[in-house]
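S.K.: the following comprises the amino acid sequence and a computationally predicted model.
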Amino acid sequence: MTDSVKKRIINEFRFDSICYSAVNNKKERKVILSDVSGNTRSGEVFAILGPSGAGKTSLLSCISLNSKGNLQQISGKCTLNGNQISQKMFQKHFYLVPQEDSHRAFLTCRETLRYAADFYIDGNDEEKSAEVDALLVKLGLDTCQHTKVGNQFLQGLSGGQKKRLSIALALLKVFFYQSFNYSYLLITLLKILETVCVITR
Ligand SMILES: Nc1ncnc2c1ncn2[C@@H]1O[C@H](COP(=O)(O)OP(=O)(O)O)[C@@H](O)[C@H]1O
Ligand SMILES: [Mg+2]
């Protein structure tokens with residue numbers, strides 16, 4: 001491990017007193033989140049658990065500044081290291097893996113990652129390929145790297161493989177945008193993901 005990785009920077013993400021309501025298709029205002037708070041720091045994995053309809057997706061959309069409810073009312077605060085998060089900060093420091101994977105059906109798993117590497121990694125062809133190789137292995141996608149993603153008409157990756165491809169894209173972005181600040185967290189995260197991959201394979 002390099003010295004920069006050892007010098008661990010603790011980042012803290014907080015969301016405080018999130019309240020969220022929206023008008024449903026019966027034109028009634030519905031309170032979806034009422035005073036929800038939480039925080040997570042570098043090196044931790046934070047999970048939001050709850051039954052269907054509990055408000056998990058709504059909470060994620062609020063804390064990712066992406067809620068789109070009809071006539072929505074939203075209050076509360078999201079901060080990174082005490083600084084209120086703006087759209088610009090969110091785009092730079094976060095990556096949301098969506099519930100529905102949306103990839104290009106006609107690209108292979110490797111091509112998908114390679115395009116992202118061209119976009120996010122500042123290096124030569126060899127370095128980019130090496131990173132793509134490492135990610136493919138870490139996420140258990142090496143065996144299907146030349147399989148097209150596919151869609152309802154074209155047989156391709158399985159659901160689990162598509163999800164892991166989404167996670168690989170997220171790791172590519174966060175890791176390379178954030179350089180060493182986040183790498184300690186990512187090492188932990190990768191370990192967890194590796195375990196999940198082994199279990200779900
Ligand atoms: N934009 C919206 N307008 C009205 N009601 C909504 C809206 N979004 C979600 N809801 C309602 O809020 C509740 C929580 O939904 P959701 O966040 O999708 O739950 P979960 O992801 O935990 O299954 C549900 O009862 C859902 O119908
Ligand atoms: Mg949901």
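M.R.: Thanks, I have the structure now. Ligands and ions are numbered 1, 2, ... in the order given.
S.K.: which pLDDT value goes with residue 76?
M.R.: Listed pLDDT for residue 76 reads 96.
S.K.: then residue 189?
M.R.: pLDDT, residue 189: 62.
S.K.: check residue 195 too.
M.R.: On pLDDT, residue 195 comes in at 54.
S.K.: which secondary structure elements does the lengthiest helix in the chain contact?
M.R.: In the chain, assigned by DSSP state H, the helix with the most residues is helix 159-178. Applying 3 or more CB pairs under 8 Å, 6 or more residues apart in numbering; DSSP states H and E, one finds that helix 159-178 makes contact with helix 87-93, helix 109-120, helix 125-138, helix 183-200. All C-beta spots, glycine's among them, are computed from the backbone N, C-alpha and C.
S.K.: that one versus helix 125-138: what angle between them?
M.R.: Angle, helix 159-178 to helix 125-138, by axes from the mean of the first three to the mean of the last three CA atoms, to 10 degrees: 140 degrees.
S.K.: distance from the chain centre to helix 159-178, please.
M.R.: 7 Å (CA atoms, centre = their mean, to the nearest Å).
S.K.: and that helix, average pLDDT?
M.R.: So the average pLDDT for helix 159-178 ends up being 80.
S.K.: for this structure, what lies in contact range of ligand 2?
M.R.: The chain comes close to ligand 2 at residues 56-57, as judged by CB under 5 Å from the ion.
S.K.: pLDDT below threshold where in the chain?
M.R.: 1-9, 175-201 (pLDDT under 70).
S.K.: mind giving me the domain split of it?
M.R.: 6-93, 109-200 (automatic domain parsing).
S.K.: which one of the residues in the chain is closest to ligand 2?
M.R.: Using CB to the ion, the closest approach of the chain to ligand 2 is made by residue 57 at 3.3 Å.
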